[in-house]
Structures are given as C-alpha cells and as structure tokens.
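> coords below, sequence missing:
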C-alpha cells in the first residue's frame, strides 16, 4: 500500500531501485516563487555521492539531478517538481549470487515475506541509493526554508566509539573533514578507528546531530502532529536509524523537574531561555529557540567478514558480502538527515499558516488572493 | 490546521481540554466484527486514572468511558467508534492565576504564540488529561490486535536514576507495583527516590520499554512509512517523550557490523535469530520476531519548587506551581505508550493487507466480498 | 477502513447511528479566533430538524447541539471542536421486522455484504440522521467563511416535475416557504405535487442549487484537487445525490466553444465576465466570480407502497415501509448541501494559503509567527 | 499546496508541463505481483495520442512511456512505479504571444492569480497534455483490476447535439470509429456536425459514459468516501468536465420513489435487480451490479474564432487562438475517463480489504503474512 510519500503539505514521493534506470522524487506542495537552481541541488548531491572517499562505496555515480517540471525561469511555479537521477554505474552481476540469500541486517528476508517478489539487485528499493532522491527533494525544501531564513545543519558527533568533545566543537570544522565532524581531533581518532574496522572487513555506526536555527515559534501542531512527532517520522524513515532524541533526550529521564525545566526570563525586552533541554519545542510547537536532535545509526550491515545466515530455501549458509559497500554510512547520512529534517519543517511551516484567523484574514483580506 | 488525528487506516482523532465538559476520541477504520466491551476499555482507563497512588495527581476522576457509536451487540460494526469521557473533578480556580503566566517546561507560551488564544485551565488541550482519550482509543486497537493474537506490553525500566536490573527482570512483576517496574528491588529503590523528590517539591522522569509479541512478518511499509517511522510518530506524539530507540538503539551506534548484525539460522526447520539488535524490523518491515523499543520521558514540569519565568506581559516573575500534579508521570504513561503503539500496529497491519496480489485475489476472489 | 472524514486541512469526522445514543462530529483544523456561538449551529440544525412540516418525518428530535471542546470565551481555539447531538425520539421496535429484510433503494444489502454485521435500527449509520452531524460541523465552516465574507446559499430549484421559473426566481423567497424554493408559484405547484405523492404512499426527488458569493480567486488546486473535484467529493458524499453539475453543466456539452466560453473584459478598471458558464472556476481554481452548482436528489426510497424485495435468507418478500419517513427529502437536504459546500470551501481556502512564497514571507516574516 | 495526488491506497501523483522536458506519474500503492507490460500502457496511450485524426490537435507526439521503477521480471514489486513520457514536439514559439493574454475559458488568469507566476507555454500544467500521465498511471490501475476481472469501458454517448440512440447502441462498435461512439449512425452524424464546427473555427463538447463490470459488492466506504464521492473526485479532476451523474442521474430527481427504487428478487437462487437506476451502489457501497456513470465535457475553449478577452495589463484585447488544438476533446477524453475511474476503483478495492475481521484473520492467520 502507498507508503513512499512524506508530508501532507510540502510532500516528497520517492521512487526507484538501486539497479533500475534511476531514482527520483516528486515534490508536490512547494510554494510558487522559490528561487531554485540545479546548483542548489547538486551541492547537496555531492555530499552524499558515493566514491568520494576511501570510507565510502567505490560505486561511481555522478548523481546529476534533472529537474523535469515545476520550475520556470529559475523559480518554482507551485506545480509538482519532478527530480530524476539516473543510475549509471550498476554491477548487477555482483548481486546475482545474492538473489537467493538473505543478508543479515538487511531487508532481503522481510521484502520477500511482504511482497513475495523483490528486485534483489543491490538491495533494490531498500538500497541506500534511494536516499539520493531524498537529498534532491530535501534540497528543494532547503531552498524554500532559505527564503524564510531557516537553516538546517547536520554533523557527526560520534563514529564507533569516538565522540566529539563538546568543549572543542566548532561547526565550521565539520565542513573541513570527510566525516563532517565539528572537532578535528575527534575526526583524526575516528579516522584511525575506521581504518581498523576496514582492515578487519568490518563496519562502524555513529551519531548525527542536527541543529535548526532561525525557526520561529508556532511551528508544529499540538497533540498528534507535534514538531518532534513529524520529525520522528522523517528521521526514523531513514534506513539504519535506531534511535532519536531531542534536546537533553535520554538524559532528561534522569533529571529532576527543577533541573530539566528551561527557565525563561526577559533581559532588555528580549526573551531568553537559561537552558534548552527541551530542544526547541513545548507541547509539540516550536518556541523560537534552536531546534536540536540526535539520530543514532547502526553500522553498515554489509561486511566482508563471514557471517551465518539462511537462504530462501531456508538452508543455513555462510556469507561474506562482496560488492561495493560503505564501511561507514554516517558521513553520507549527514546530508540525508538534513534533507528529511528540512522536508519535515517545510511541511509544518506550511501547516502552521492556517492556525490563526487574524493571519488568514490578513492574507485573504489584503487581496493577495485578489477578487476579480 | 488539522493535526489531531493519528493513523491512515486505523485512525484515532482525539478532542477535548482538561477543564472542558470532557475528552474523547473517534476511532475510524476499526474492522467490523471485533469483540469490544466497556470492560476492555475500563481496564486500561484504570491504569492511567489519576488519584490512584500518592505518586500521581490527587485529581479525582472516575474516567468512565461511554461508547456512543460503532458497536452493536458487543461487536464493532466497521463504522466510527465515538468514545466520551466526561470531566468531573475540575478546579479551574486553581488556574486563574496562571492565565497570564507561562509555566517553564509547559506549552503555555507556544500555544499563545501559535493561536493567540488558549484555554489556560489546567493546560487545556496540552494537559496530560488528553491522553485519557488515547488510552480509550488504544484499547479499541488492542481489542483488534487481540483478535490477531498480537500482544503489546509496556513497563517501566527506569525512574529518575534507578534502572531495572536486566538479570532480575520479570514482566509478571510489572503488574504488581504502582510503577509498573518488572523488577521488585528496582521498584523499592525508585519508590525511595520518588519520595525524596516529592519531599523537595520536585519531580522525576524515566524510561518506558514496550514489547510487542505475536506480530508476524510483513508489517510496515518500506522507505517512508517504516514500522519504526510510524511508531516514531506515535510515540513522539506523547507529551514529555524526549527520546526513542529500537532494539539496541543508541548502543548500536557504538557496535561494529559484525557485532550488531543479527545472524539468522534454521534449526529443525524453524527460523531463529541469534540476537535481536534490530528490535524486530529490517527495512521498516517486521520480521516476525519480537518488536521492542524504549521511550524516555522528561520529569513533570509542574513542580512546587519556585522557578524563574515570564508572564504574557513579558515581565519576569517567580512561580511555584500549585494545583494537583504528578510528581511521577511515567507510571501513568505506561498504558499511554501501549495505546499509541497498538494504534500504530493496527494501522500498519491494515495497510499491509494490500501488499500482495495473491492475497487480494484470495479474498476478493473467494467471494468474501461476494457478487450478487 | 477509515472513510468518515472529509477534508485535509479543515476536516470533519462524523460518527453515530440513527438509533444509538447520538450522532456527532469532530471538526479538526478550524483556525483559532473564529467567533462561534451555539446559536450559529442551532439556526442551521433547525433547518434540517425532522417533524417541522407535514412533508418530513414525524420523528421528533430537538436536535440540540452541545459543543464539547475547542471553543473558549466564544471563540475557536484552533483545537478540535467536538459536537454532540443526542438521539431522543427513537422507536427501534419499528425496525425489528426490518432486521432481516433488504429495503429497495437502501444500503441494507450492501452493508451486510461489506461488514457482515449492521445496526439495522432506522438504517443505522446509513440513516439521513447522520447528516445532523454534518450540518453542525458545516455551521462551523460557515462561521469561518463568514469571517472572510464568503456566503454559501442553497435552495431548491426542482421538486419532482416542478421546476422554478428562472424569470421569477427571488432568493429571498426561498426562506419563506418550507421547500426553500426561490419562486412562490413553483412552491405552490410543488406542494400540490407532493401532497399527491403522499396520498399515494409515494415520494419525490428534486434538485438543489448552491450559490457561493464572495469567494476570491485562487482557491482550489490545479489538476487533482480542483475546486469542482473537492466539491464533487463533498456533494456526492450526501446520500441520495445522483448528479452534480457546475455552471452550464450538462448543457455545456451541447454548446460550441464560441457560445460556451466566458468572454472577459475590463470596464472602468473592473474585470467583468460576460457570462459564467464555467460556474466560477477555470483549471480547478476560483476566478473570483460566483460559484454555482446543482445537485440532483433521488426520491426517498422508503415508501408505504408495497414493493418487491428479498430478505437476508435470499427469499422473495413484499414490503411496505412503515416507520417515520420523509416523503420529500429535498427540503431538509438544502442545508446539508450548504454544510458540505462550506466544509469543502473552508478546506480549500486553508490549502490556498500556502500557494505563494511572497504571501508566506509576508506572514512568516512579519513575525505574526514571532520569534522569541 | 500538495494537490497533484489522487488516491489514498492506490495512488497516482502526476507531474509535468506541456512544454517542459516531459510529463509523468508515480503510482504508489500498486500491490506486488501484478503482470504489467509496456504494451498494456502503450495500448491506452495510443487512444489519447494527439495527431491521430483530423479531429484532434496536429501536435505529433509518439507518447512512448518509460517504466523507471517498480516492475521486475514483468511483474510489479509493490514499490512505486515511476512513469515518464517525454515531450518531443514542442512549438513554444506558438505561445510567446500568449504569455500576456488570458485566453477565455482557460486557466491562464486563475493560475496568475493563484501563483503570481506561470509556465504559459501551451497552457503549462493546465494543458490536456497532463492527462497523458493519467492514462499511463490508469493503465497500471487497469492491469490490477484485470487481475480481479473488473473491466472499465468508457465510450462517447453525445458529441455536440448528436446523441447515440440507445436502441442502436453496440459497445463493440465504439472501437470502430475515432469518436468511440457505440452507434455507427450517430457517429456519421456527429462527424458531419464536427466538420461544420471545424469549418467555422469552432469546437464541440459531448458526453462520455463509463460502464464498470465485474465489480463485486462491498466496494466503497459509507458516509464520506462513498463510491460515487471518490469517483466524483476522480472524474471532476479531469479538466473540461462540467457535470457527472450516476445511473438515472438527473432524471431520478423527476421520478417517484416507486418508479426509481430498484426492486430485488431471487430467481433460481440468483439475486436479480429489476432495474439499476442507482447505477450500481447504495449507501456509497457497490452492490455487485454494473456501475454506470456519465460525464459532460464542455467544448474546447481554444478556438480560431475571434473572441473578446483581457491581458495581464488588464487591457481589452481580441484573440484568435492559434497553435494546435482539438476541435473535439471528447474522443481523446474517453480513455482519460477510464483511467481515472480505474484509479478510483483500485483505490477503493484496496480500502475495502480491511472492512471485516473475518477476512483479515483469514489472510493474517493463514500465514500469508507468515511468522518466522
């Protein structure tokens, strides 16, 4: 049943398999008048492009996005934006032997159970390749958010057992290393840890943090479609994400109310919070402060190390996953987190436009939708 | 904008404020023929009922649910099930002084920002009272799941700084203490910690774990509407939830692929997993093993201790929250977690019915929808 | 599966059976700040109330609506508005004999086929009584539209074989007769035709026209969610509606392009259309002129005249429908058409708020959603 | 805001402008295992292809569909099916002069009002070209329906003032003439009427009827998502449709209940209806008999005849629409009606799978979704 669309107002519907003609997305609901160029899209595509570093798959894909609709003279027209990324470097033969084997930690078995048929080549629809479409669609969401001066920045705070040192964190540094870590020393250490894992034919996971600044208050719906609920849907829809926390997150559970509450005060007429344990929202609605969350990624399940598993005939077999895989998925996942966060925020910002009659009268009354 | 409905197939739409005439929910999409009695609903209502222990608010509510539609001769008819719970013990006057004050950690400020008007009595729509409607609706979801032999059980694994000892965990024990902790010693310790907090006019948070057994494989949609994404939406829609993790969760990020992958093997024709770090799903689809997740709750923000905050005139004020509040929200949240998990599973199970043509032909062809 | 909700932004979910405790609706998505009083609701309830004239069922229902949530100090708060109408005058015994019989023209047979169980009392969920909930919810939509100066007025243009004479039409007259016909002579004639039908134990159908004025241009989405498509969904969701046409409707199919096109011209800077065959929209989007459509209602299927039908044992039986029925459904359907049209327009107006970046920047930028 | 998707379970999202790189659709929700070939799609594409007869636009498009995802080894995989049709024969220069003019009967003015920007080339998104994507997506829906032995056939019953004679109707004949009229004499007469219109630089409208056979009972949701309501949304989403009626339609409004009710009886154990004025559904649910409806199309607004209109500077201008247009839109619309009807039925059939617990237990219990 239909399950490939994200969003209600600003929506993205992704399609495509790892070894089909291509992957893509249709963005439906982007307002008219947003400046959008291929460069905006390509910049983000480059950040998740495979083959960029020794720590990612060696599959070579240029990942050039084509905009097939919805943009005219450099601006969005309010109609659906169709994005296409062709698959160029496919080596399906790598996967023929896997057509009958269920790789541990992969969706091979569950797809067969659910559908009775699957495109086994490179993981088909379950491949990380699908996220290329999300990144392209997410770049459209970011272009919209940029017009509202909302910034979404994700970066890596942990790889394997290496964590960044909060005292050393410098977000500018994140752009300077292939792991997107905002702490140079932590990067060096993580690099060594990663090299060892690769040596052993193994893989590592990690944690991505995302900071949203410039978001005004009033975004997010109370009760069900809370800001963190919609972000929860968005971030947990990324394969390999096993955990998500906002603000103080799990550590808030160990605090007392008096420690965890964020005291508010006014200084020279400016509203200030003495802390932001909530991570930017109360009752599911943004309060105008920074929105912050962290997503935990499991290590890549595709490893060269020999593992125990079964095949479709339900026989025990041993497997060493060949093909071209990412020993580290986290660095390439950083931009995917940004993409899904941006889509969720774009969706909720549009939704928040209809919260108040006075606002609606302002628009509708001022004849911005003007009567003939 | 519309944001009070959960689900696409099995849906619940909740309504109501803390100090209005009542709270309720409309369950639309429950299949016809499910045995449903008031006792099923009341059993769960009792678990979140206020005033049941010294650790919860002293507000006295009988929380009797009325079924206003959708059930005939003890079975659901396939039409919407309207559930009503009247508010009986309201003390609005407790809140008049709060009409102008923004309580720290509460949604008072954000509601005013979003709507420009709010029912400040007892937190209005943002009150934990709203969860009474979810518990009633969730009991309908559980009644449906019961017919498919799917069980959803939540329990407390941490209160403040007290955690259960996995070696001592006995799920049967969870029903024996008011904290729903499956570890008697941990409960005693948590009780002491809670008593201290109450003494200090403070509050505690904690962690709720949820175990779903009997769920077959093939439930959950790949890519966007993944099992954990829909559960992420459901669980993060519960106020006070700041974190969520599936299976190994955040600890998976520190493991290597070879450690984190769940090896599969066949023993006497039976499929077995040597571990369940994934927590029951791959690629967003259930694999037939136990589904397990944990939700972190922040401590109740309403505390007697004096705090710094502001009022609607943006003046600095100090506040000691009176009224009747829960020093511990976790014990009453356990059944709310079950309710939202059950609703999410009911929704995805219905969705999974249309995955395969052979299944559809079986139903449609067998004339279960029979032609005249 | 869930099918009792109308709308995406401004939504109504109705519930309830003819002989259960009551019927009702939850309106989710009404903006905050709309002035709403019980009188607004009661005024419309009165228009569809049974027992008001010899031409409608003699079932006596006061149809008093209770607002259970979402309104505070006379204004909507932006949270769900729960509406309850109790069923008072039930005579279920009238229907016991019908529990096994499938009445011609009714949904008895199809409900049994679909659900395998049905509340047969008074038609259960398929009863016209369900529209009481729509009228209450529609009155909320109208209250919102009133704030934007959009008026929705429906009236009867045909009863049986009597049609109004366009030359004599005076919309003010529609409020003066129980058939809501804007032509006094046509009403007198229709009254005679109706009296004959009642004499014969028969029933009549008719046509309701709806005029929407004050609607600005830009409402309605192109391609799928066109203004007439969403209205099509809304109006065809009313039981007994068998046809719907906009503007020139079916007669447009017989015209030439040069006759049917609506020429536009500017007179003293004012945009004027020389005709409105389109009925107020092009490409699914309102153009700021009057929106007009007509809905055809079949005659009430419940008649005293003896008819041929079958029972649930698939035996041939003859039936004369007792109970209290409407020989004329059209007069009471007029306000239901208004209710569904208002809901559709409220939904699309909210949707149209996010069409343009410049509008969004205006709201979002002006700090109407203001940053702390 | 997002308005380009049709359906909830079986969904199609269309994209593309008349003079962009192409048009297409993503079908999300088609069950796995449906046999689908390019031939299935191409067969329908051919029926709406431009340039096929002197009565349609002379724009030359091969309209070859590419399936970019969701099909593996000739069967659907349950994942999104992306369909692409490139635009080959564009003559944008034909439209440059129209960039500032609002053509009568077109969406030029309303798009400018709604979006403040529009791709004016060939009508952009509002062009009939968009229906190419619907026909391709509809062919997927038909392939699914074919597996359930449900047939959808549309044909022309009126062109301008020429109507088919019911006594002469032979559905096989509809395939034999370019107007898809099931009455040879009516076709000859319509052809003459069309030739005159073309001579005069004018255009004609008409009526398309659609017959659905093989649909079992129980399809369609009661109350809001009625069979005719969802079809109403689907058919009114087709540009140029001004009216829609089911079964007896508008004529039912003139009948008495005793004339309009469809008597049921059992003959040799077979259920029979003595008439089908309802057109195949009661209470919004199919009854297993033939589903029948008619859609009225207005004449093509693009005509060579000189017309009065305005430009974007709000000046009065006269226009004779050049470019390549269809003097008759109806013949090419026939397959579009089939496409949207098929999509609506596929959507509701999937929805109907979750109506009954006994059915669900059958599927879920039989281990078709099998437990590990």
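Cool, got the structure. For clarity, every value in this text was computed on a predicted model and none was experimentally measured. Numbers count the residues shown, from 1 in each chain, chains lettered A, B, ... in the order given.
> residues of stretch A:304-321 that come out buried?
Applying a neighbour-count criterion of 16 or more other C-beta atoms under 10 Å in any protein chain shown, the buried positions in stretch A:304-321 are A:304, A:307, A:309, A:310, A:311, A:317, A:319, A:321. Placement of C-beta: from N, CA and C, glycine included.
> Are that stretch and chain D in contact anywhere?
No: using C-beta under 8 Å from any C-beta of the partner chain, stretch A:304-321 never reaches chain D; the gap is at least 10.0 Å.
> what about that stretch, distance to the chain center?
The chain centroid and the centroid of stretch A:304-321 are separated by 30 Å, computed with C-alpha atoms, centre = their mean, to the nearest Å.
> For the residue nearest to residue A:306 when sequence neighbours are not counted, give me its contacts.
Closest residue to residue A:306 apart from its sequence neighbours, by C-beta to C-beta, 6 or more residues apart in numbering or on different chains: residue A:320 at 4.8 Å. By C-beta atoms under 8 Å, 6 or more residues apart in numbering or on different chains, the contact set of residue A:320 is A:201, A:303, A:304, A:305, A:306, A:307.
> what's residue A:320 sitting at in phi/psi?
phi -120, psi 110 (degrees, to the nearest 10).
> I'd like to know how far whichever residue of the stretch 1-150 of chain A sits closest to chain C sits from chain D.
Nearest residue of the stretch 1-150 of chain A to chain C, counting by C-beta to the nearest C-beta: residue A:33, 3.7 Å away. The spacing between residue A:33 and chain D, counted by C-beta to the nearest C-beta, to the nearest Å, is 6 Å.
> I'd guessed that residue sits against residue D:118; true?
No: the criterion here is C-beta atoms under 8 Å, and residue A:33 misses it with residue D:118 at 11.3 Å.
> show me where the stretch 151-300 of chain A has strands.
A:151-159, A:162-163, A:206-213, A:241-246, A:264-267, A:270-273, A:281-282, A:285-286, A:291-297 (DSSP state E, counting those that start in this stretch).
> now these as JSON lines including distance to chain D, mean pLDDT and mean neighbour count?
Formatted as JSON lines, the strands of the stretch 151-300 of chain A follow (distance: least, C-beta to the nearest C-beta, whole Å; pLDDT from 0 to 100; neighbours: other C-beta atoms under 10 Å in any protein chain shown):
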{"stretch": "strand A:151-159", "distance to chain D": "21", "mean pLDDT": "98", "mean neighbour count": "24"}
{"stretch": "strand A:162-163", "distance to chain D": "36", "mean pLDDT": "98", "mean neighbour count": "22"}
{"stretch": "strand A:206-213", "distance to chain D": "22", "mean pLDDT": "98", "mean neighbour count": "22"}
{"stretch": "strand A:241-246", "distance to chain D": "20", "mean pLDDT": "98", "mean neighbour count": "27"}
{"stretch": "strand A:264-267", "distance to chain D": "34", "mean pLDDT": "91", "mean neighbour count": "16"}
{"stretch": "strand A:270-273", "distance to chain D": "31", "mean pLDDT": "88", "mean neighbour count": "15"}
{"stretch": "strand A:281-282", "distance to chain D": "23", "mean pLDDT": "96", "mean neighbour count": "26"}
{"stretch": "strand A:285-286", "distance to chain D": "20", "mean pLDDT": "96", "mean neighbour count": "27"}
{"stretch": "strand A:291-297", "distance to chain D": "23", "mean pLDDT": "98", "mean neighbour count": "26"}
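> Please name the residues that touch the closest residue to residue A:151 other than its chain neighbours.
Leaving out its chain neighbours, the residue that sits closest to residue A:151 by C-beta to C-beta, 6+ apart is residue A:213, at 5.0 Å. Neighbouring residues of residue A:213 by C-beta under 8 Å, 6+ apart: A:150, A:151, A:153, A:290, A:291.
> The fourth one contacts residue A:210, correct?
No: Residue A:290 lies out of contact with residue A:210 (C-beta under 8 Å); the separation is 10.5 Å.
> Listing request: residues of the stretch 101-250 of chain A with sub-threshold pLDDT.
Within the stretch 101-250 of chain A, no stretch has pLDDT under 70.
> For chain D, what's its nearest residue on it.
Closest point on the stretch 101-250 of chain A to chain D, by C-beta to the nearest C-beta, is residue A:115, at 3.8 Å.
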